[in-house]
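# A predicted structure for the sequence below; I have some questions about it.
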Amino acid sequence: MGIRSYKDLKVWQTGMRLCVQVYELSGNLPKNEQFGLISQMRRAVVSVPANIAEGHRRQYDKEFCQFLHISLGSLAEVETYLCLCEQLEYINEARLAPLYTQIEELGKMLHGLIDKVR
């Protein structure tokens, strides 16, 4: 059948699952973080699959790679916000461990796709 849409890409699907998990997790953060950490974290996590989708629709592979690199940057940003949540003791490490694993796997998937598209 092949890849017809960005929605067929496992990397996009994984990014979307991460979005849902981060949205759910961030909903439990203190309300005073609504316009700070919560907003920044949600913006960054949505950027991951959004840039995969936008890049996939571009005409040239070089453009797609550029958007995949942006997704990697956003993924690092999400990880940083989660680390901050842990340091501020908003969320314990045990709850974050599966997200860190998913972020690592998603990063590997993005790197693999970049290598394939090049």
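That came through, no problem.
# tell me the buried residues in the helix ranked longest in the chain?
Assignment by DSSP state H gives helix 61-87 as the longest helix of the chain. Of the residues in helix 61-87, those with enough neighbours to count as buried (16 or more other Cβ atoms under 10 Å) are 64-65, 67-68, 70-72, 74-75, 77-79, 81-82, 85. All C-beta spots, glycine's among them, are computed from the backbone N, C-alpha and C.
# that one packs against which elements?
Secondary-structure packing of helix 61-87 (3 or more Cβ pairs under 8 Å, 6 or more residues apart in numbering; DSSP states H and E): helix 10-26, helix 37-56, helix 93-117.
# with mean pLDDT added, can I get those in a markdown table?
Formatted as a markdown table, the helices and strands packed on helix 61-87 follow (pLDDT from 0 to 100):
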| stretch | mean pLDDT |
| --- | --- |
| helix 10-26 | 97 |
| helix 37-56 | 98 |
| helix 93-117 | 97 |
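# can I get those helices in TSV with distance to residue 4 and mean neighbour count?
Output for the helices and strands packed on helix 61-87, formatted as TSV (distance: least, Cβ to Cβ, whole Å; neighbours: other Cβ atoms under 10 Å):
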stretch	distance to residue 4	mean neighbour count
helix 10-26	12	17
helix 37-56	10	20
helix 93-117	16	14
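# of the ones you listed, which is nearest residue 3?
helix 37-56 (8.4 Å; Cβ to Cβ).
# rewinding a little: of all the buried residues of helix 61-87, which two lie farthest apart?
When those are compared pair by pair using Cβ to Cβ, the maximum separation belongs to 64 and 85, at 31.6 Å.
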